[in-house]
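Visitor: Sequence first, then the predicted structure, then my questions.
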Amino acid sequence: MNAERSRPRLSMRQRFCCAIRGAGYAVRTQKNFPIYLAAIVLTTLFGFWLEISAAEWAILALTIGAVLITETINTAIETAVDLAHPDEHPLAGRAKDIAAGAVLLSVLTSVIVGAIIFLPPLWNRW
């Protein structure tokens with residue numbers, strides 16, 4: 001039996017609500033989300049203060065989105081691994097470490113992008 005056919009069809013509204021619930025779960029349960037949200041606020045304020053260009057805003061938005069997306073995917077992977085193998089297992093730990101590594105890479109990339117965007121106008125102000 002096809003698992004897809006046995007699942008009830010959800011309306012667009014129901015799918016949207018599921019997505020919001022999933023994102024909300026990640027925001028509420030992941031310790032780093034408040035740090036990311038604070039960084040977003042500071043980055044936004046900094047961007048207004050330095051009067052960055054529309055292209056730079058777009059790059060920042062994509063970079064911020066990448067961090068939030070990888071953190072959310074990391075949460076999904078950790079949840080699925082915990083479901084599949086609740087006991088400690090080297091491969092389960094490796095999967096979680098790799099997912100966390102993806103988050104780290106996206107954060108490091110965002111720091112580099114932020115430095116490229118913010119350092120030149122900061123340098124010019126001083």
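Guide: All right, it came through fine.
Visitor: lowest confidence element among the helices and strands of the chain?
Guide: Least confident helix or strand, the chain: helix 3-6 with a mean of 57, by mean pLDDT, DSSP states H and E.
Visitor: Could you list the buried residues of the helix or strand that that one is followed by?
Guide: Next helix or strand after helix 3-6 toward the C-terminus (DSSP states H and E): helix 12-29. Under the neighbour-count criterion of 16 or more other C-beta atoms under 10 Å, helix 12-29 has 26-27 buried. To be clear about C-beta, it is placed using only N, CA and C from the backbone, and glycine gets the same treatment.
Visitor: Likewise for stretch 66-78?
Guide: 66-68, 70-72, 74-75, 77-78.
Visitor: Stretch 80-88 now?
Guide: Buried, per 16+ other C-beta under 10 Å, within stretch 80-88: Val81.
Visitor: now do the same end-to-end measure for that stretch.
Guide: 14 Å (C-alpha to C-alpha, to the nearest Å).
Visitor: Can you get me the centre-to-centre distance for it and its chain?
Guide: Computed by C-alpha atoms, centre = their mean, to the nearest Å, the separation of stretch 80-88 from the middle of its chain amounts to 22 Å.
Visitor: Run through who's touching it.
Guide: For stretch 80-88, contacts defined as C-beta atoms under 8 Å, 6 or more residues apart in numbering pick out 91-92, 95-96.
Visitor: Then stretch 117-126?
Guide: With contact meaning C-beta under 8 Å, 6+ apart, stretch 117-126 is reached by 46-47, 50-52, 56, 59-60.
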